[in-house]
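S.K.: Any chance you could fold what I've pasted below:
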Amino acid sequence: MNNVCNANCGFCNFARDTFPKEQTQFVGLNEGLDSINILFREGIRYLVFTGGEPTLNPNLIKFVDHAAGLGIKPMVVTNGGLLTPSKIHELADAGLSSLIISVDAATEEIHEKNRGLPGVCNKIKEANKVLKDIGMYSTASVTMSHLVDYNALPDFLTSLGFESVVFSYPLTKLDSNFLGFSDAGLVTHTNESLWQAYEKVKQLKKKFHVVNPTLSLEEMQRFVQDEEQRYPCLAGYRFFFLDWDLNLWRCHFWHEPMCSIYEFDSSKLVRDGCTKFMINCYRDSSLMQNIAVSMQDAYQSIKKGKLLDTAKALIRKGNVDSLRAVMEELPWIMRF
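M.R.: Below is the predicted model of the structure:
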């Protein structure tokens with residue numbers, strides 16, 4: 001949507017006090033509508049609007065409305081600082097599927113200090129009340145930083161009106177132009193401390209609805225210990241990052257774009273079993289999508305009369321785990 005933000009987070013290079021103002025960019029109306037049309041044409045049915053802070057883009061409502069009108073499920077990731085009851089109603093009327101709202105800590109004081117947004121917790125509470133009144137849901141998004149008190153987090157999230165949380169895996173370096181990372185101390189971990197953080201998230205599942213599948217958290221524990229990965233990432237095949245220059249990337253980590261959105265078609269898809277990187281929106285979703293991809297592969301093979309390939313797709317290693325992950329998070333998935 002844009003590369004500018006109204007917050008000042010200590011673990012993000014979009015922070016308002018550090019991002020060079022002269023580099024500010026917004027996706028314009030016509031190019032945004034073009035992009036949504038192309039993504040729909042190429043089979044995209046879920047679209048997450050992010051930034052920077054996407055609510056700063058004056059075209060957000062029109063983008064949500066256009067996507068929803070095509071049959072795409074649009075979601076918005078926001079810090080909540082610009083949410084008002086009227087804005088929420090506008091988004092809902094446009095066809096918004098869900099909101100994902102950032103929370104950094106287990107107290108108002110720490111969260112608002114890190115965000116540089118005094119009073120934002122009250123705005124989040126009000127937003128969640130409005131959402132509940134109109135029959136919509138939000139999910140808290142918590143970066144696994146050193147600000148997080150995992151034991152105290154469930155009560156705080158409940159007080160803000162959340163019923164679910166997704167944890168964003170800490171990012172200290174990205175090779176794309178996405179700036180949602182920092183090498184500051186808030187998100188730097190040793191392999192052992194990060195493994196323990198994943199363990200705390202797994203334990204938190206017993207107290208609160210954590211959207212990250214258990215098997216994905218265990219996969220990330222293998223990742224930080226440099227062990228063999230079990231579930232290939234589908235970034236570049238099922239999931240993509242479209243930047244404010246309208247360049248399409250296979251993921252935030254990748255060193256070069258796949259193509260311009262205007263050049264995007266099935267010939268640009270990449271499926272190479274990559275497990276090099278750690279980011280929840282790709283790795284968690286890939287785990288849950290693997291069973292669907294296997295079924296698609298089986299269907300395509302049987303259409304061609306390739307019975308052996310069909311059988312291989314159906315008994316592919318990881319299919320059962322993928323189905324387990326889907327069933328674990330089915331109540332959350334069905335909200336959309």
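S.K.: Pretty sure R45 sits against I72.
M.R.: Yes. Judged on Cβ atoms under 8 Å, R45 makes contact with I72 at a distance of 5.6 Å. Any C-beta I mention is one placed from the backbone N, CA and C, and that applies to glycine too.
S.K.: Who has more neighbours out of these two?
M.R.: Each of R45 and I72 has its neighbours counted (other Cβ atoms under 10 Å); I72 has more, 19 against 11.
S.K.: List the contacts of the more buried one.
M.R.: For I72, the contact set (Cβ atoms under 8 Å, 6 or more residues apart in numbering) comprises 36, 39-40, 44-47.
S.K.: Whichever strand or helix holds V48 packs against which elements?
M.R.: When secondary structure is defined by DSSP states H and E, V48 falls within strand 46-49. Helices and strands touching strand 46-49, by 3 or more Cβ pairs under 8 Å, 6 or more residues apart in numbering; DSSP states H and E, are helix 60-70, strand 73-78.
S.K.: residues of the helix of greatest length in the chain that come out buried?
M.R.: Criterion DSSP state H: the longest helix present in the chain is helix 280-303. Neighbour counts using 16 or more other Cβ atoms under 10 Å place 280-291, 293-294, 297-298, 301 of helix 280-303 among the buried residues.
S.K.: Now do the helix or strand just after that helix against helix 280-303, angle only.
M.R.: Heading C-terminal from helix 280-303, the first helix or strand you meet, by DSSP H and E, is helix 307-314. Going by axes from the mean of the first three to the mean of the last three Cα atoms, to 10 degrees, helix 307-314 is angled at 160 degrees with respect to helix 280-303.
S.K.: And helix 307-314, how far out from the chain middle?
M.R.: Computed by Cα atoms, centre = their mean, to the nearest Å, the chain-centroid distance of helix 307-314 equals 32 Å.
S.K.: Check which helices and strands that helix sits against.
M.R.: Using 3+ Cβ pairs under 8 Å, 6+ apart as the contact definition, the elements that helix 307-314 packs against are helix 280-303.
S.K.: In the strand holding V48, which residues have enough neighbours to count as buried?
M.R.: Applying a neighbour-count criterion of 16+ other Cβ under 10 Å, the buried positions in strand 46-49 are 47-49.
S.K.: what do you get for stretch 220-231?
M.R.: When neighbours are counted by 16+ other Cβ under 10 Å, the buried residues of stretch 220-231 are found to be 220-224, 229, 231.
S.K.: Can you say which helix or strand has P154 in it?
M.R.: Assigning secondary structure by DSSP H and E places P154 in helix 153-160.
S.K.: I'd like the mean pLDDT over that helix, please.
M.R.: Helix 153-160 shows a mean pLDDT of 98 in the predicted model.
S.K.: And the next helix or strand past that helix?
M.R.: Counting by DSSP H and E, the next helix or strand C-terminal to helix 153-160 is strand 164-168.
S.K.: that older thread, which pair in the buried residues of stretch 220-231 has the greatest spatial separation?
M.R.: When these are compared pair by pair using Cβ to Cβ, the two farthest from each other are V224 and Y231, 15.2 Å apart.
S.K.: need the helices for the stretch 151-300 of the chain, in chain order.
M.R.: When secondary structure is read from DSSP state H, counting those that start in this stretch, the stretch 151-300 of the chain shows helices at 153-160, 191-204, 214-224, 280-303.
S.K.: Output those helices in CSV; the columns should cover distance to S97.
M.R.: Written out in CSV, the entries for those read as follows (distance: least, Cβ to Cβ, whole Å):
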stretch, distance to S97
helix 153-160, 20
helix 191-204, 25
helix 214-224, 22
helix 280-303, 15
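S.K.: neighbouring contacts of the strand holding V48?
M.R.: Counting by Cβ under 8 Å, 6+ apart, the neighbours of strand 46-49 from elsewhere in the structure are 1, 36, 39, 60, 63-64, 67, 72-77, 100, 281, 336.
S.K.: can you rerun that using 7 Å?
M.R.: Counting by Cβ atoms under 7 Å, 6 or more residues apart in numbering, the neighbours of strand 46-49 from elsewhere in the structure are 1, 39, 60, 63, 67, 72-77.
S.K.: With stretch 171-191 instead?
M.R.: Contacts to stretch 171-191, defined as Cβ under 7 Å, 6+ apart, come from residues 3, 10-14, 143, 145-147, 170, 197, 224-225, 241, 243, 249, 252-255, 279.
S.K.: Please narrow the residues you listed to those residing in strands.
M.R.: When strands are assigned by DSSP state E, the members of these inside them are 143, 241, 249.
S.K.: Return the residues in contact with the first one.
M.R.: When you say that, I think you mean T143. T143 makes contacts with 11, 104, 168, 170, 187, as judged by Cβ under 7 Å, 6+ apart.
S.K.: And for the fourth one, the neighbour number?
M.R.: Around P170 sit 20 other residues, with neighbours defined as other Cβ under 10 Å.
S.K.: That one touches M144, doesn't it?
M.R.: Yes. Taking contact to mean Cβ atoms under 7 Å, the distance of 4.9 Å between P170 and M144 places them in contact.
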